[in-house]
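**Student:** Here is a sequence together with a model predicted from it:
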Amino acid sequence: MFLLSPAYCGGRRAAILLNPASEAATVLELRSGKMTLGRAFAFMSGLYFRGKLTYAERFGESYVITPTRGLQRPSLPFNLKLLREFAIGDVSVDNPGYRRALEHDVAALARRIGDDAQVVLLGSVATGKYVDVLLPILGDRLRYPVSFIGRGDMSRGGLLLRSAASGEELEYQPLRAGLRPRGPRPPKLDPLTRVAATTQSLRSRSRGVAVSLGHETAAPARSHGVVEPALRAGASGAERLRAIVDVRLRARPAVHRPPKP
């Protein structure tokens, strides 16, 4: 069983999904009602969540930790209402709404899977926002990938895609109360494995695991732009989120380089 940490729903990629003028293929999928939680989070998070979702599908069963609704299946239908709800939800042990919903669903999961199961957290173990909620309920059943320690999000995503492509599952260790696994940065991943990982990612996309990254469009566009979320200064919560809807595209600035000598 795998528990996937959530994507951030208040950033630039969320603004793309909220842009009513966007013709990006992912936005069109959302408008048509065909978007799922897993696909939406893979778009907003990019390589890291795509790796988690691909890996979890390859080796077991998965749930996604959400900011407001506890554990949810990656296949949960996703819409703009849910995006706005998640965007203002605070993933913190000090947020009663987040904590109660997660505790309720994890307790139900613990009763269902029995004492011999392993629940692997594919997310950060350096802070308490997941571990401090999960560990008191799951105890020794809660594990983490040892090779995550010392890696950044991009490196973890690449590692997971490579493991899924090779069929070799990572090593897990139990989490302990009061201990935060830490270690030095590991060596960079072997570049020769990128082809296999990319192939696995493309196959996963054909099965509905992930969505494309960047600002792709359903039809070729004449020009390229960057998304600039117009956030209201000093606002917070729902008021700040409404301002994200006001996005605009502007041409990328030209880069003038001096001629080579």
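**Tutor:** Thanks, I have the structure now.
**Student:** hang on, G70 packs against R99?
**Tutor:** No: using C-beta atoms under 8 Å as the test, G70 is too far from R99 to be in contact (9.7 Å). (Glycine included, C-beta is placed from N, CA and C.)
**Student:** Who has more neighbours out of these two?
**Tutor:** Summary of the neighbour comparison: G70 and R99, criterion other C-beta atoms under 10 Å, with G70 having more neighbours (22 against 17).
**Student:** and that one, what is it in contact with?
**Tutor:** Under the criterion of C-beta atoms under 8 Å, 6 or more residues apart in numbering, the contact list for G70 reads 101-106.
**Student:** same question, G89
**Tutor:** G89 makes contact with 9, 66-68, 95, 97-98, according to C-beta under 8 Å, 6+ apart.
**Student:** So among the residues you listed, which ones count as buried?
**Tutor:** Neighbour counting with 16 or more other C-beta atoms under 10 Å marks 9, 66-68, 95, 98 as buried within the contacts of G89.
**Student:** Just send the residues you listed back as a markdown table, with distance to I149, pLDDT and secondary structure too.
**Tutor:** Rendered in a markdown table, the data for the buried ones among the contacts of G89 read as follows (distance: C-beta to C-beta, whole Å; pLDDT from 0 to 100; DSSP: H, G, I helix; E, B strand; the rest coil):
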| residue | distance to I149 | pLDDT | secondary structure |
| --- | --- | --- | --- |
| C9 | 27 | 92 | coil |
| T66 | 25 | 97 | coil |
| P67 | 25 | 96 | coil |
| T68 | 29 | 96 | coil |
| N95 | 27 | 95 | coil |
| Y98 | 25 | 96 | helix |
